[in-house]
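Asker: Mind looking at a prediction? Sequence and model below.
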Amino acid sequence: IWFWVYMGQYSYQMGYNGLKKSWIFPGQASQFVGMGKDLFDNTDIGKKYYNLANDILEVDIQDISFNGPEEKLKITKFTQPAIFIVSSVISRLLMDNGHVPSCVAGHSLGEYSALTAAGGISFETGLELVKIRSNSMDKAGITNPGTMAAIIGLNMDSVVKLANSIKTNEVIVAANHNTENQIVISGNINAVNEFVSIAKENGARMAIPLNVSGAFHSSLMQPAREELADKLNSIQISDINIPLYSNVNAKPTMKGSEIKESLVSQLESPVLWFDTINNMVSNGNLNFLEVGPGKVLSGLNKKINRDITTTNIGTLIELNSYEI
């Protein structure tokens, strides 16, 4: 029985074009005002999840997501749950229509969406975690003020060397390894500003300060890590049957205990997205679905490997037009 079930699932996942379907889930910067309204208006699961979300978050996330204003939606404690809800509704609708990913990964916040889609936690538990994560990150940004900047045109080694060359006792680290030559740095405001000011002299094409409320994925997030760890240690993350590629080591795992550890470490560790996608490709994954709002990850995939095909599913129209 196992053999026939496995072979049937394998054949199904491979699809008509012989390629596996890998699901990737976006993080912050993918949001837009109005996202999710079509899902709420036209699907039962959309209505259910948004109504649950208002109760769990104790805030009208429907109104913020659907009507903005944009500046309010950009606030971390609202952005993260808003994106998580959209990704979770779409992944549930995909699965209800028989689509199953061969593996999953998520960029920063997106790792929670990926874990929920893979069945490690329920939507409600995922949203509780995202609530604590986003609120604690917001508070950590006030306690330990910091910022981030995108560095284009330097590889990881060059960014690390340049960061180490800055004579300061402040924090300055590589936080997101998005593509070979797109690295996001994170740290104290003065240190990040100094890096930006000398980046072009040291080979960067662009150095762009980001409009964020804290130094995410750096040691300045330690208070948030401690608060999130308390919540994670109080819940059960189930072992899963779909490999989840972790941000902190770019490797697949299906063990709930390992996933829990990686989610705790994630807040202070760099997001190894470039390595994650390359490892997924090395394991035979060339056909991706970006499940959630925006097209940020699709753009990164094009820069990481031009052989990758990525389909965006962030709206009901895109979902209805998708064919496996």
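Answerer: Looks like it came in fine.
Asker: Now name the helix or strand holding L263.
Answerer: Assigned by DSSP states H and E, L263 belongs to helix 256-266.
Asker: List the contacts of that helix.
Answerer: For helix 256-266, contacts defined as Cβ atoms under 8 Å, 6 or more residues apart in numbering pick out 108, 111-112, 115, 120, 129, 217, 225, 228-229, 232-233, 236-240, 244, 246-249, 253. The way it works is simple: take the backbone N, C-alpha and C, and place the C-beta from them, glycine included.
Asker: Pull out the buried members of those.
Answerer: 108, 111-112, 115, 120, 129, 217, 225, 228-229, 232, 237, 240, 244, 246-249, 253 (16 or more other Cβ atoms under 10 Å).
Asker: Check the separation of the first and last residues in stretch 92-106.
Answerer: 16 Å (Cα to Cα, to the nearest Å).
Asker: Mind listing what's buried along that stretch?
Answerer: R92, L93, L94, H99, P101, S102, C103, V104, A105, G106.
Asker: what does stretch 60-74 give?
Answerer: For stretch 60-74, by 16+ other Cβ under 10 Å, it's I61, Q62, I64, S65, F66, L73, K74.
Asker: which of those residues has the weakest pLDDT?
Answerer: On pLDDT alone, K74 ranks lowest of these, at 93.
Asker: quick one: contacts for that one?
Answerer: Applying Cβ under 8 Å, 6+ apart, the residues near K74 are Q31, N211.
Asker: Kindly report the same for the one 3 residues further on.
Answerer: When contacts are counted by Cβ under 8 Å, 6+ apart, K77 touches S134, N135, M137, D138.
Asker: for the stretch 101-250 of the chain, what spans make up the helices?
Answerer: 110-117, 123-143, 156-165, 189-199, 222-232 (DSSP state H, counting those that start in this stretch).
Asker: which regions of the chain sit below the pLDDT cut-off?
Answerer: Where the chain drops to pLDDT under 70, the residues are 1-20, 323-324.
Asker: Kindly recompute the last result at 50.
Answerer: Along the chain, segments meeting pLDDT under 50 span 1-19, 324.
Asker: A118 is in contact with I240, isn't it?
Answerer: Yes. Using Cβ atoms under 8 Å, A118 makes contact with I240 at a distance of 4.4 Å.
Asker: End to end on stretch 232-247, go ahead and measure it.
Answerer: First residue to last in stretch 232-247 (Cα to Cα) measures 17 Å.
Asker: which residues make contact with that stretch from outside it?
Answerer: Contacts for stretch 232-247 (Cβ under 8 Å, 6+ apart): 100-108, 111, 114-115, 117-121, 125, 129, 251-260, 262-264, 266, 269, 271-273, 276, 279-280.
Asker: Return the most buried member of the helices of the stretch 101-250 of the chain.
Answerer: Of all the helices of the stretch 101-250 of the chain, helix 110-117 has the most neighbours on average by mean count of other Cβ atoms under 10 Å, namely a mean of 28.
Asker: send the alpha carbons of it over as CSV?
Answerer: C-alpha atoms of helix 110-117 as CSV (Å, rounded to 0.1, in the frame of the first residue of the first chain):
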residue,chain,number,x,y,z
GLY,A,110,7.2,33.2,5.5
GLU,A,111,8.7,30.2,7.4
TYR,A,112,5.6,30.3,9.7
SER,A,113,3.3,30.2,6.6
ALA,A,114,5.4,27.3,5.2
LEU,A,115,5.2,25.3,8.5
THR,A,116,1.4,25.8,8.7
ALA,A,117,1.0,24.7,5.1
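Asker: Which strands or helices does it pack on?
Answerer: Applying 3 or more Cβ pairs under 8 Å, 6 or more residues apart in numbering; DSSP states H and E, we find helix 110-117 packed against strand 21-25, helix 76-96, strand 103-106, helix 123-143, strand 244-245, helix 256-266.
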